[in-house]
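**Student:** below: sequence and its predicted model.
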Amino acid sequence: MNASKPRQSSNHEALAPYSLGSKLKALRAEKGVTLSRLGAEVGLSTALLSKLESEFMIPTLPTLAKLSRAYGVDLAYFFSPVTHHSLAITRGAHIVDSRREQATTRNTPLHHATPESRQFSKIVDIPAGATLNVGGAGLRTQLTAYVLAGPLSVSVAGAVELLQTGDCLVLDTDAALIFAALETSCRVLTVFARMHPE
């Protein structure tokens, strides 16, 4: 049986940046197998596999080699360094209450976008009767919009769609794009892809 070292070891700290457990869990999800089926396939217990995925234990190289063969990946997959990582958390307490009527459209950024950022996200509050030009004609706009409180009227390429609370829109267009709140205010979570020159 392959032994694994407990989480408290200094080895765990050295391996933490590689997120071995997360990679193992993602590979298993991608393959669509249960822990018990994987365990039977590689000859490891379900309990051990669970501890490895939760990073309570770190795998030995022989254990990792068995798992890499089962998943069809090279050992290098587990030790490739992270080249891009950005995380932003916006707590609900920092977001303006949407129940208050706003005199103007308000944008609440959810993170600080840098020039290298591939996306930026914000919550857009649109007061009743107001419109917002989201994308201009001839400019490519890629976005995902989720209506937190609605309804939201979306006008693009000659079509008008009415989205209700809980509806989601995924769009890639170079047509003019307009959001509007009709009789009541609207709150939309938006994530834009930033276009970078090729």
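**Tutor:** The structure has been received and is ready for your questions.

**Student:** flag the shaky bits of this protein, pLDDT-wise.
**Tutor:** 1-12, 81-117, 136-138, 194-198 (pLDDT under 70).

**Student:** all strands for the chain, in order.
**Tutor:** Applying DSSP state E to the chain gives strands spanning 5-6, 57-58, 106-109, 119-126, 131-135, 141-149, 152-156, 159-163, 168-173, 177-180, 186-193.

**Student:** in space, what's closest to Val154 - neighbours in sequence excluded?
**Tutor:** Closest residue to Val154 apart from its sequence neighbours, by Cβ to Cβ, 6 or more residues apart in numbering: Glu161 at 4.7 Å. (Each C-beta comes from the backbone N, C-alpha and C, glycine too.)

**Student:** please verify my assumption that Thr46 contacts Ser36.
**Tutor:** Yes - in this structure Thr46 lies within contact range of Ser36 using Cβ atoms under 8 Å: 5.1 Å.

**Student:** what's the local residue count around Leu177?
**Tutor:** 22 (other Cβ atoms under 10 Å).

**Student:** you'd agree it is up against Gly158?
**Tutor:** No - using Cβ under 8 Å, Leu177 is not in contact with Gly158, being 11.8 Å away.

**Student:** between Thr46 and Ser36, point out the one with more neighbours.
**Tutor:** Thr46 (14 against 11).

**Student:** what's near enough to touch that one?
**Tutor:** With contact set as Cβ atoms under 8 Å, 6 or more residues apart in numbering, Thr46 has these partners: Leu35, Ser36, Gly39.

**Student:** buried sites along stretch 123-140?
**Tutor:** By 16 or more other Cβ atoms under 10 Å, the buried positions in stretch 123-140 come out as Ile123, Val124, Asp125, Ile126, Pro127, Ala130, Leu132, Val134, Gly135.
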